[in-house]
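Trainee: Here's a sequence, model it:
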Amino acid sequence: MTAITETTDAEYRERARRLALMLKLRPERHNQSVWGGAKPDNECGTAACVAGWSAILTDGLASIDADGTLTWDPDRMVRDDDTLTLWGAGPNAVIWRVEHAGRNYLGLSDDLADALFNGSNDERETVELLARIGDGRVDRFADLIDDGESLTDMLHRLLTD
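Mentor: Numbers count the residues shown, from 1 in each chain. Next up is the predicted model:
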C-alpha cells in the first residue's frame with residue numbers, strides 16, 4: 001500500500017516555476033484562451049492555457065524537467081470542452097473540470113487561480129504571475145482585496161507589488 005503524502009509549499013512553487021519556465025521557453029505552447037489544442041505531433045504542437053497545462057501535468061500525464069523541457073503522452077488524455085478524464089475509463093473514471101485540476105496541481109487559492117487562469121489575460125503577464133508564484137514573490141493563497149476588485153485588477157496588483 002502506498003502512503004499518501006502531502007504536497008509541500010516548496011513542491012507547489014517548483015511546479016509553478018517549471019511551468020512558467022516551459023512557457024517562457026516555448027511560447028508557442030501557450031494560448032491563454034484555450035485549455036488544450038492539437039496533439040504535439042502536429043507541426044505547430046499543442047498550445048494550452050496555464051490551467052490546461054496544470055491539468056495535463058496532473059497525475060503524470062506530462063512532466064516538465066528543471067530546465068523547462070516538456071515530456072508528455074497526449075494519448076493517455078481524454079478531453080472534452082471543459083473537463084479532463086485523468087484516471088480510468090467508463091463509470092470508474094475520475095473526471096475533473098480543468099480549472100479545478102489546475103488549481104489543485106498548483107495549490108492556489110480560488111481567487112488567485114481565477115486571476116491566473118482568466119482567458120482574457122495577456123500571456124506574458126500570466127507567465128510572469130506564474131513565475132512570481134514559483135519564486136515566492138506572490139503568496140499561493142492571495143485573495144481579492146475586496147468584492148470591488150476585478151480579476152484583472154488583482155493580476156496587475158500582484159505584478160506590481
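Trainee: which stretches of this structure form strands?
Mentor: Ranges of strands within the chain are 62-64, 70-72, 78-79, 83-87, 94-97, based on DSSP state E.
Trainee: helices and strands of the chain: which one bottoms out on pLDDT?
Mentor: For the chain, counting by mean pLDDT, DSSP states H and E, strand 83-87 ranks last in confidence among helices and strands (a mean of 52).
Trainee: ok, and the closest non-adjacent residue to the residue nearest the centre of the chain?
Mentor: Geometric centre of the chain, nearest residue: S54, 3.0 Å, by CA atoms, centre = their mean. Spatially, and ignoring its direct neighbours in sequence, S54 is nearest to G102 (3.4 Å; CB to CB, 6 or more residues apart in numbering). No exception for glycine: its C-beta is placed from N, CA and C like everyone else's.
Trainee: what's near enough to touch that neighbour?
Mentor: Contacts for G102 (CB atoms under 8 Å, 6 or more residues apart in numbering) come out as V50, A51, G52, W53, S54, A55, T58, A113, F117.
Trainee: would you turn those residues into CSV with pLDDT and distance to T8?
Mentor: CSV is the format used below for the contacts of G102 (pLDDT from 0 to 100; distance: CB to CB, whole Å):
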residue, pLDDT, distance to T8
V50, 88, 21
A51, 85, 22
G52, 81, 24
W53, 83, 21
S54, 85, 17
A55, 78, 21
T58, 76, 17
A113, 91, 19
F117, 88, 23
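Trainee: possible to save these as CSV with distance to R17?
Mentor: Listed next are the contacts of G102 as CSV, based on distance: CB to CB, whole Å:
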residue, distance to R17
V50, 13
A51, 17
G52, 18
W53, 13
S54, 13
A55, 18
T58, 17
A113, 17
F117, 17
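Trainee: Which of the residues you listed fall within helices?
Mentor: Mapping the contacts of G102 onto helices (DSSP state H) picks out V50, A51, G52, W53, S54, A55, A113, F117.
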